[in-house]
Structures are given as C-alpha cells and as structure tokens.
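A.B. asks: predicted coordinates and the sequence they were generated for:
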Amino acid sequence: MNIWIVTTGSSDVKLKTDDNWGTLFKKVRNQLYDRPFKPTQPPNPDCDEPFVVPARAMGMVYGSQLTDEYYQDLHFPLLDAFSAKLLEKGKTNPDKIILIMTDQEAVFDEEDRRVEKSPYWQDTCTLKPIFEQYFKKRFPQVQSIDYLALKPKSKDEGLDSWNKALFLVQQALSSLDLDKSANFYVSHQAGTPAISSAVQFETLAKFAKKVKFLVSNEYEPDLAKKGDFIESSTYLQGMQVQEAKALLSRYDYLGVERILKPYWKDSSDPLLLEIRDLLAMAVQWNFAKFEDFGKARGDVANERLNQWWWTGYEAAYLGVIRLRQGNTVEALFHSFRAVEGSIKEWALDKYKLQIKYSNPNQPSTAYIHDVNLPQNLRPWFNANKNEQYNSVGLFGKSLFTLLEKSDQNKWNQDSHIKVVAANTIDERNFIFHSLRGLQEKDVFKAWNTDSREQWEARVLGCLNFVSPQSFVSLKSASLMAKVHDELVDALARYELQT
C-alpha cells in the first residue's frame, strides 16, 4: 500500500489567467471583509507567469463556484510536480492521500481579517473543493483521501511555533488508523517552516525507513516539472545526529552510542570510527571502569595510569557529572568514594611493608599489621587495632585517622580534609541509611558547603591534599573531560558531512 502525505500552502493553487477573477469575486466579495483581493504577478513576469492570490481568498472565490470551465484557470505547480513523479512508473501510485490544510479561524478576529496580509488569508482550508477536483482528475483510482485541518485555538498556538505545530500535526495524524507497513511518500514543502519540520519529524518518528520524501522546486522551471524522491535515511540521519548532540550535552554516552551504532556498523569512515572509539571509552568511564577507560585511551593516558592517585580524580569528576544530570545520590556516592578511595590508594602505596590481605572472609580488604610500624603511628595502631588479629582494616574512620597521624602538621593546616573527616563521613552514613529524598542542597551540606562551586572546590582540595597534586579544577584533572570535548568536536564534524 502506498500512502501520500502532503502539506498545503498559499502557493499551491495559482491562476493561469485572471480573466474570470473579477466576475467570481463580485459574487462573494461580502464574505471577504471588504478586502479588494487582486491576482498579482511578480515584477517583470514572463508572459505565462501565473497569478497569485492568498489561499483562503482563492478558495472562497474559486472553490465555492468551481465548474469545469473555471477549473481550467487553475495552476498547481507543486502538486503537478509531485503527481508526475508518483505516476512516473506506476509502482508509486498512491492508494491513499492525506492532505494537511490549515484553518486559523479561531485565532484571528474580525479586525485581523480586515488586514490583507494577515496569516488568516494564508489558510488553505477553503481550497478543499479545488483539491478534491484535482485528485479526482489526477488519481481516479485512489481508495481514500483524508483532509486534515490544523486548527490552532489561539495565537499562542500559532502555526509558526515549532512545538505547537508539532502538537497539531501529531494530533491530526493520530486521528487516522494508518498501516505502518505501507510505503509513505511525504511532501512537506508547502505551509510554514514549522509545519514542514513537524511533518518531517512526526512521519520519521512513526514510520522511519518506510518514508520517502517527495520534493520539488517551484522556482526552477527545469526542476519544477517533476519532483524527486529523497530517502528517509538522509533526513533521519540528520535528525538522529541532532538527538545525539542533545544526549551528549547531558553526558548520556550510552544513548549516543545507541543512536549512532547502526551508522558505523559496516562503515570504514575514519570519522565514524573515531566517534565509535571515543564513545566506547566514554561508556566505560560512565560505568566507573576507569582502568579499562584509561587503557583504551592509549598513549595519552600512559603516564597518568602509572600514578596511584589518578582514578580518584576521575571518580570525583563522575560525581560532578552525576550532579549535572540531577542524580544527587550518585553525586554524593562518587564524590565521597573518590576521597576515601584515594586515601586507601595512598595508604597502599605508602605502607606496602605493613599491609597484608590477611582476612580470608574478606580477601580484598587490606589490613595494616604491626610490622616495622613507624613510631608516630603506634598510638593510632593501638587505638584502632582488632585485638584478636592485631591489625587495622583500611576502611572507615581509621583510614582517615591514618592519613591524619601520618602528617599531623599538614593535616592541621588543611580545612578541606578536616571537614570530610569530621562531617562528611557521618553525613554520608546517615544519608545512605535513609530512604528519604536527597536534594542538591543535601549533597552540599554533607560537605559543609553551600553551592556547586564550593562543593567541587572541597572535593578537589581533599584530593590534592591526598595525592599531593595541584590541579585547579576537577575537570582539568580528569582524562574524561578531554574525551568529551573530542566527542563534541567529532560529532560536529560528522554533522557537517551528513
């Protein structure tokens, strides 16, 4: 089954001659709000250049008095081109036609209608009798024709608004029971740009690869004689790139991968393969698989991978991204995990001789044992040790106090790390054992801060204390931030070539 969906606009019906206009106009002039509509031609026209009249006026004058004789006055530049293409080989003859018209009767009051250039007069609803005659002559075998009118209820729902036009188009098309296995030919050029975009979007969303766009150029005589088909993939790809860009702006790397994967599946395009590889890294990072992410990054990350502290900064930046996404629970989790995990990595690096994985029930938990223990740690060890096993587990508050006692003077001079040890641990435990909702302000409060900027600065200060590094922001410390920027650039370049 072939279904042709076509929009309509003010230039769809023109006059070959104005000989009969005056006679027909006089009979309905009292319905035209005293507007002296006159057929016009472009300046310096060719002798056969058609005359133009606003669509609603054309329908009111000709549509209401249509005879075979008067029908001969009419010219259909776009419809003729589309019809010629559909009828060219017979295989694309439409079985069903859906014509989308406009009717802004409820939008413009009597005062508006007295203005000849009002959008009210661009409406195509009054052309229905003319279109009926046209389709009857050109497509006598068509099984059914649906005439849909887009009827905004107020100026706020104007047909120049993309969102409002999309809603009206969705509403109109959803009123029909359409066979999704049919072949859809869509002519969207007529009407406002918002209507055109809405019809493209909605038909692609509903019917995807079953859609072909039928287009023409009424301003180029050689091209206007016959329309041309454009595969939906060209349109669909452009729309999907836009969707991918929107998802990327929200750091939804898995979503971007889902959209673009079909395009690189059998492609050798270097740019697509670059995007594929960058997204694979980003997805790994998004799942906090930082080691896999770093290895995939290659030479750029080799030096960083040899440092025990690098994953702490990645975890912290993941917390930043989660907060931007509105995921407060994961933002708190990753930010605290970044600091606590970094302290553990610091301890594993600094106290190699004292550390053993000595608990068979917790084989991945590190414990400090009384082996060549530095004297300054003796009080800490005695206060925290398990009497039975004579060891201290590297987790919880004992981990933070180990960091403190290892360099008490440095600890005393740093406000960031002291706040985390004194406040954030308890807040974290309270929040994670509660089922109440977590607001953004609760994340800041847990770190004794009042804003995103203060929160990020506190997390960064803690990591720089532990490492010790001197990064100026969590973004500059993260390898992923550069990968994201490269993805944005690569997708922008890909958009230009599609």
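C.D. replies: The structure has been received and is ready for your questions.

A.B. asks: so where's the stretch 1-150 of the chain shaky on pLDDT?
C.D. replies: For the stretch 1-150 of the chain, the stretches flagged by pLDDT under 70 are 44-47.

A.B. asks: same thing but at 90, please
C.D. replies: Across the stretch 1-150 of the chain, the ranges flagged by pLDDT under 90 are 10-11, 30, 33-36, 41-49, 88-92, 116-117, 143.

A.B. asks: what are the ranges of the strands in it?
C.D. replies: With strands called from DSSP state E, counting those that start in this stretch, the stretch 1-150 of the chain shows them at 2-7, 14-15, 74-75, 96-102, 144-150.

A.B. asks: export the ones you listed as a markdown table, with columns for mean neighbour count and distance to residue 160.
C.D. replies: Quick note: C-beta positions are derived from backbone N, CA and C, even for glycine. As requested, the strands of the stretch 1-150 of the chain are exported to a markdown table (neighbours: other Cβ atoms under 10 Å; distance: least, Cβ to Cβ, whole Å):
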| stretch | mean neighbour count | distance to residue 160 |
| --- | --- | --- |
| strand 2-7 | 24 | 14 |
| strand 14-15 | 21 | 23 |
| strand 74-75 | 18 | 27 |
| strand 96-102 | 24 | 11 |
| strand 144-150 | 17 | 12 |
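
A.B. asks: so residue 257 is in which element?
C.D. replies: helix 253-264 (DSSP states H and E).

A.B. asks: run the chain-centre distance for that helix.
C.D. replies: The chain centre lies 13 Å from the centre of helix 253-264; the measure is Cα atoms, centre = their mean, to the nearest Å.

A.B. asks: by contact count, what packs against it?
C.D. replies: helix 232-249, helix 270-286, helix 479-497 (3 or more Cβ pairs under 8 Å, 6 or more residues apart in numbering; DSSP states H and E).

A.B. asks: report all helices and strands that the longest helix belonging to the chain contacts.
C.D. replies: Ranked by number of residues, the top helix in the chain under DSSP state H is helix 328-350. The helices and strands touching helix 328-350, judged by 3+ Cβ pairs under 8 Å, 6+ apart, are helix 310-324, helix 397-406, helix 425-432, helix 440-446, helix 452-466.

A.B. asks: got a markdown table for the ones you listed, with mean pLDDT, distance to residue 416 and mean neighbour count too?
C.D. replies: A markdown table is the format used below for these (pLDDT from 0 to 100; distance: least, Cβ to Cβ, whole Å; neighbours: other Cβ atoms under 10 Å):
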| stretch | mean pLDDT | distance to residue 416 | mean neighbour count |
| --- | --- | --- | --- |
| helix 310-324 | 97 | 12 | 24 |
| helix 397-406 | 92 | 12 | 18 |
| helix 425-432 | 64 | 14 | 15 |
| helix 440-446 | 91 | 14 | 18 |
| helix 452-466 | 97 | 3 | 21 |
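
A.B. asks: distance of the nearest residue to residue 469 once chain neighbours are set aside relative to residue 289?
C.D. replies: Nearest non-adjacent residue to residue 469, counting by Cβ to Cβ, 6 or more residues apart in numbering: residue 309, 6.8 Å away. Residue 309 sits 18 Å away from residue 289, going by Cβ to Cβ, to the nearest Å.

A.B. asks: with residue 272 instead?
C.D. replies: 23 Å.

A.B. asks: same check, this time on residue 108
C.D. replies: For residue 108, the distance to residue 289 - Cβ to Cβ - is 59 Å.

A.B. asks: of these two, who's got more company?
C.D. replies: residue 108 (17 against 14; other Cβ atoms under 10 Å).

A.B. asks: Provide a list of residues in contact with the more buried one.
C.D. replies: If you count contacts by Cβ atoms under 8 Å, 6 or more residues apart in numbering, residue 108 has them with 118, 119, 120.

A.B. asks: same thing but 6 Å
C.D. replies: Residues in contact with residue 108 (Cβ atoms under 6 Å, 6 or more residues apart in numbering) are 118, 120.

A.B. asks: how deep is residue 418 tucked in, by neighbour count?
C.D. replies: Around residue 418 sit 17 other residues, with neighbours defined as other Cβ under 10 Å.

A.B. asks: quick check: pLDDT value at it.
C.D. replies: At residue 418, the model reports a pLDDT of 88.

A.B. asks: that one: which element?
C.D. replies: For residue 418, the host element (DSSP H and E) is helix 415-419.

A.B. asks: please report the distance of the residue lying closest to residue 72 once chain neighbours are set aside from residue 73.
C.D. replies: Of all residues not flanking residue 72 in the chain, residue 16 sits nearest, at 7.7 Å (Cβ to Cβ, 6+ apart). Distance, residue 16 to residue 73, by Cβ to Cβ: 6 Å.

A.B. asks: likewise for residue 53?
C.D. replies: 11 Å.

A.B. asks: give me the phi and psi for the nearest residue to residue 400 once chain neighbours are set aside.
C.D. replies: What sits nearest to residue 400 in space, not counting adjacent residues and going by Cβ to Cβ, 6+ apart, is residue 421, at 4.4 Å. When read as degrees, to the nearest 10, the backbone of residue 421 gives phi -70, psi -40.

A.B. asks: please read off the pLDDT at residue 421 from the model.
C.D. replies: Value for residue 421, per-residue pLDDT: 81.

A.B. asks: what of residue 379?
C.D. replies: Residue 379 is given a pLDDT of 94.

A.B. asks: now name the helix or strand holding it.
C.D. replies: Using DSSP H and E, residue 379 falls in helix 378-384.

A.B. asks: thank you, goodbye.
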